[in-house]
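1. below: sequence and its predicted model.
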Amino acid sequence: MVNLLWLQSGGCGGCSMSMLNAEAPDLLTSFDAAGINLLWHPSLSEQSGAEVIDLLQQLVAGDIPLDILCIEGSMLMGPMGTGRFHVMGGTGVPMIDWVRQLAARAKHTVAVGSCAAYGGISAAGENITEATGLQFDGELSGGLLGASYRSGSGQGVVNIAGCPTHPNWITETLLQIALGEFSAEQVDNLGRPRSYADHLVHHGCSRNEYYEYKASAELPGEQGCMMENMGCLGTQAHADCNIRPWNGEGSCTRGGYACINCTAPEFEEPTYAFTKTRKIAGIPVGLPTDMPKAWFVALASLSKAATPERLKVNATSERIIYPPSRQKVDK
Amino acid sequence: MSRILVGPFNRVEGDLEIALEISNGQVESAQVNSTMYRGFEQILQGKKPMDALVYTPRICGICSVSQSVASAYALADAMQLGMPLNGERCINLILANENMADLLTHFYLFFMPDFARSVYATQPWYDQVQARFQAVKGDACRDVLPARAEFLHLMGLLAGKWPHSLSIQPGGTAKSIEAHERLGMLGILAGFRRFLERRLFGDSLEVISQLKSESELQQWASEKEWKSSDLRIFLHLSQQLQLDQMGRATDQFMSYGNYLLDGERLFRPGVVDAQGQRRPLDSQQITEDISHAWLSGQQQPQHPELGVTQPSLDNERGYSWCKAPRLAGQVMETGALARQLSNGHPLMMDLAARSGANVQNRMLGRLLELAIVVPQMEQWARQIDPLDRFCVHGTLPDYADGVGMIEAARGSLGHWLSIREGKISNYQIIAPTTWNFSPRDQHGTPGALEQALQGAAVLEGEETPIAVQHIVRSFDPCVVCTVH
């Protein structure tokens, strides 16, 4: 059996809530498949209060082996590095100190969600709480545990980034670890599992035809591509949200709103409004990462010139006005 | 007199610690500490107003779209913008989907597992209850996770994903519903109804929602064996353990009202006591007091429009990060029980008149709400007209104020927004558990949970008293929302 401990700190608990949505198989079956023995999870386990403290003390002492340590939520270092913004209930000890001690014992340390990975939403604004990730502070390596931290397996922290994380990103990563198949090659340069981070949110986007013809939505609820006006970062965001959807058939772009690149460090502080595209001389800043700008502009103006009426009209409508038709629509 | 510190609490959302003073095997007084501060009200300062729709749902992963809806209403209020009917139906469906999923999660995953603890091992009902409700291992957990996940497929259709959606807009929803998606929703709702009727209630939703008194409820329960449904199991346990005598608080209840459609709310707003004496809710009488919080910047309790949030560990009387909200200076209890009392449901009125707010009645308020709201969700889904508008658009003024007041699963949630020079100049949030788990106010009056814990039994040698756990969880606390 693989012992797993899950703790929450400076976050919303949404990654756990999302994980409970795991399907085919459900969460408990996923744990069975991975041979995971859930030592404690704050939403699921029976033990409370003194029973939990006793368990944590045994783990810190090394009396119970800790195979996987999952941390959800950012590490609140403040005020002034004391960690007093989150003292773990009943213990009098700041959560950051518990995490440091447990991480020293863990065979694998996993940051669940962008808060635990990079600081995330809790680090927004002036970051009053000095929120940071386990091994990254935004884009910079470091964080609570420091760039040189390695868990018992010899690996750094695995960053299952996302706000929230897709249930399968968690269950698959845990299964890979439990099977002994997880290695340093499985993560990208930000520590994210490549199983989902090697894709872009753009892949499989149901608005792809609008993108091809640069037929753009102008207001929330319209069907067109959201890159030109609505702030969508799907062509830059590393995740497979449109390849394996959320809650059955959903994703952000299918839900009618922009991808805000929530798997990336510092997504919480965009340089512009979240749902408006910043433009210079009418051209969106932040084009697809690996495409030469001149080419993009040339192709965009070419495809705009060729946009069928059907897409132009549908793009700024809440519903399909022109269905696809074999007949040519005359202008 | 002895003093114990209880925590960390789990099967509540967020972290929680309670200091108890105990004498003669009873809790004499309690201090509730919400142990974590993240500073959302500070984060929102200076942000673009529409960006609140990204930040506020991330206050909480279990009340996520509740925060979104309150925020969208506050923005709509600032814009003086209404919603088309389709927008209202979809927003109600989204909010009800989260609320109902939360009520279900609370009953099965958070509350019931405590009855499978070894402290009850000698009870005649223990074996059945343990097999059904034990945390992680019980078969209820295996049943409910897939049912919950499938029910939340509504979010895939209506909101893109859950938690943390941006479909919810001040003027409606950014996700219009196609004809086939409307049909898909009806199918999902039928599946969820079946789960509730077969496993939770053992009867139709309509039979449950129309029970009118405690005697009708007891009569209904006695028609079949106590093991035959999860509600009957709960009623049996409640009777055996006298859960109706446990955890009484102020018996002052408040609801902001919920599920607005075409000018009417499904649940009306109001303030009510256990005897059913109603008075209208005057939100101008809401204040927040920081006398016992690790906060500074307010000499006197303030209405949230003028509220200040400034963390400070220097307050010597402070023992929590939570402010103390009061309505006209009074402690209020909020939640499903308060909502149903405010709405005048005869079953809850009868139960509250007999025994006030307590562990049993809080739980029954939640289960009753599942039976009332799910049929209403079926109505809303049927009423959606895929050819009509889902969203209208307005312009946000550079100077404006807005208020959004709704009911999340756990009770009354309010957002107070001020916009100056096109940016957020103040954003104050009072969450349901801020009311229920508030610390003492400047007069030393304890919050609702603190009052509910007075008199709770502490058995010989208990480090984390079981009665305290039942009472705490009967509020379905969300501590990440509480402080935010």
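-> On my side now, so go ahead.

2. show me where the stretch 301-450 of chain B has its helices.
-> Taking DSSP state H, counting those that start in this stretch as the test, the helices found in the stretch 301-450 of chain B are B:336-342, B:346-355, B:359-383, B:432-436, B:448-453.

3. among the ones you listed, which is nearest chain A?
-> When those are ranked by proximity to chain A, the top entry is helix B:432-436, at 13.0 Å, counting by C-beta to the nearest C-beta. C-beta: built from backbone N, CA, C; applies to glycine.

4. from chain A, how far out is residue B:87?
-> As judged by C-beta to the nearest C-beta, to the nearest Å, residue B:87 and chain A stand 9 Å apart.

5. identify the residues contacting that residue.
-> B:169, B:171, B:172, B:173, B:389, B:390, B:391, B:392 (C-beta atoms under 8 Å, 6 or more residues apart in numbering or on different chains).

6. show me what residue of the stretch 251-400 of chain B gets nearest to chain A.
-> residue B:391 (4.0 Å).

7. residue B:9 in helix, strand or coil?
-> Assigned state for residue B:9: coil (three-state reduction, DSSP: H, G, I helix; E, B strand; the rest coil).

8. mind listing the residues bridging to the residue nearest to it when sequence neighbours are not counted?
-> The shortest distance from residue B:9 to any residue other than its chain neighbours is 4.0 Å, reached at residue B:16 (C-beta to C-beta, 6 or more residues apart in numbering or on different chains). Beta-bridge partners recorded for residue B:16 (DSSP bridges): residue B:34.

9. correct me if wrong: residue B:16 contacts residue B:8.
-> Yes: contact criterion C-beta atoms under 8 Å: residue B:16 and residue B:8 qualify, at 7.1 Å.

10. mind listing the shared neighbours of those two?
-> Shared contacts of residue B:16 and residue B:8 (C-beta under 8 Å, 6+ apart): residue A:89.

11. residue boundaries of the helices in the stretch 51-200 of chain A?
-> Using DSSP H, counting those that start in this stretch, the helices found in the stretch 51-200 of chain A span residues A:95-105, A:114-118, A:167-178, A:194-197.

12. dump these into TSV; add mean neighbour count, distance to chain B and mean pLDDT as well.
-> Shown next, in TSV, are those (neighbours: other C-beta atoms under 10 Å in any protein chain shown; distance: least, C-beta to the nearest C-beta, whole Å; pLDDT from 0 to 100):
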stretch	mean neighbour count	distance to chain B	mean pLDDT
helix A:95-105	20	8	98
helix A:114-118	34	9	98
helix A:167-178	22	8	97
helix A:194-197	19	14	98
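
13. give me the number of residues near residue 43?
-> You didn't say which chain, so I picked chain A. The number of residues packed near residue A:43 is 21, by other C-beta atoms under 10 Å in any protein chain shown.

14. my bad, the chain I had in mind was chain B
-> Neighbourhood size, residue B:43 [other C-beta under 10 Å]: 28.

15. swap in residue B:115?
-> Applying other C-beta under 10 Å, we find 24 residues neighbouring residue B:115.

16. quick one: contacts for it?
-> Taking C-beta under 8 Å, 6+ apart as the test, what residue B:115 contacts is B:129, B:133, B:237.

17. can these go into CSV with extra columns for distance to residue B:229 and secondary structure?
-> Putting the contacts of residue B:115 into CSV (distance: C-beta to C-beta, whole Å; DSSP: H, G, I helix; E, B strand; the rest coil) gives the following:
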residue, distance to residue B:229, secondary structure
B:129, 13, helix
B:133, 13, helix
B:237, 13, helix
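
18. most neighbours among these, please name it.
-> The most neighbours of any of those, using other C-beta under 10 Å, belong to residue B:133, which has 25 neighbours.

19. and the closest residue to residue A:220 other than its chain neighbours, how far is that from residue B:380?
-> Leaving out its chain neighbours, the residue that sits closest to residue A:220 by C-beta to C-beta, 6+ apart is residue B:174, at 3.9 Å. Going from residue B:174 to residue B:380 by C-beta to C-beta, to the nearest Å gives 18 Å.

20. which one of the two has more residues nearby?
-> Neighbours of residue B:174 and residue B:380, each counted by other C-beta under 10 Å, are more numerous for residue B:174; the result is 29 against 22.

21. I'd assumed residue B:166 was in contact with the more buried one.
-> Yes: applying C-beta under 8 Å, one finds residue B:174 in contact with residue B:166, separated by 6.9 Å.

22. common neighbours of these two, please.
-> Common contacts of residue B:174 and residue B:166 (C-beta under 8 Å, 6+ apart): A:255, A:256, A:257.

23. residues contacting the residue nearest to residue A:220?
-> By C-beta under 8 Å, 6+ apart, the residues touching residue B:174 are A:220, A:221, A:255, A:256, A:257, B:166, B:167, B:168, B:390, B:391.

24. go with 6 Å
-> By C-beta atoms under 6 Å, 6 or more residues apart in numbering or on different chains, the contact set of residue B:174 is A:220, A:221, A:256, A:257, B:167.

25. what's the helix or strand for the fourth one?
-> Counting by DSSP states H and E, no helix or strand carries residue A:257.

26. re earlier: so which of the contacts of residue B:174 comes closest to residue A:293?
-> Of all those, the one with the least separation from residue A:293 (C-beta to C-beta) is residue A:257, at 26.0 Å.

27. and the strands in the stretch 251-400 of chain B?
-> Counting by DSSP state E, counting those that start in this stretch, the stretch 251-400 of chain B has strands at residues B:252-255, B:258-261, B:264-267, B:270-273, B:278-279, B:286-289, B:295-296, B:310-311, B:324-327, B:400-408.

28. residue B:73 is nearest to which of those strands?
-> With C-beta to C-beta as the criterion, residue B:73 lies closest to strand B:400-408 of those, at 3.2 Å.

29. how far does that closest one sit from its chain's centre?
-> 16 Å (C-alpha atoms, centre = their mean, to the nearest Å).

30. now stretch B:215-224
-> In terms of C-alpha atoms, centre = their mean, the centre of stretch B:215-224 is found 28 Å from the chain centre.

31. residues in contact with it?
-> Here stretch B:215-224 makes contact (C-beta under 6 Å, 6+ apart) with B:211, B:232, B:235.

32. state the pLDDT value of the second one.
-> According to the per-residue confidence, residue B:232 scores 98 in pLDDT.

33. what sits against the closest residue to chain B within the stretch 1-150 of chain A?
-> Evaluated by C-beta to the nearest C-beta, the stretch 1-150 of chain A has residue A:14 as its residue closest to chain B, separated by 2.3 Å. Contact analysis of residue A:14 by C-beta under 6 Å, 6+ apart lists A:164, B:61, B:163.

34. what residues does stretch A:125-141 touch?
-> Against stretch A:125-141 from outside (C-beta under 6 Å, 6+ apart): A:10, A:71, A:74-78, A:85, A:111, A:116-119, A:122-123, A:143-145, A:147, A:149, A:156-157, A:265-266, B:38-39, B:42-43.

35. can you select the buried ones from those residues in ChimeraX?
-> Typed into ChimeraX, the next command selects the buried ones out of the contacts of stretch A:125-141 (criterion: 16 or more other C-beta atoms under 10 Å in any protein chain shown):
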select /A:10,71,74,75,76,77,78,85,111,116,117,118,119,122,123,143,144,145,149,156,157,265,266 /B:38,39,42,43
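
36. for residue 84, the count of nearby residues, please.
-> Since you didn't name a chain, this refers to chain A. 19.

37. let's do chain B instead
-> 17.

38. and the gap between it and residue A:239?
-> For residue B:84, the distance to residue A:239 (C-beta to C-beta) stands at 32 Å.

39. do the same with residue B:209
-> As judged by C-beta to C-beta, residue B:209 and residue A:239 stand 42 Å apart.

40. out of these two, which sits in the busier spot?
-> Taking neighbours as other C-beta under 10 Å, residue B:209 and residue A:239 compare with residue A:239 leading, 29 against 19.
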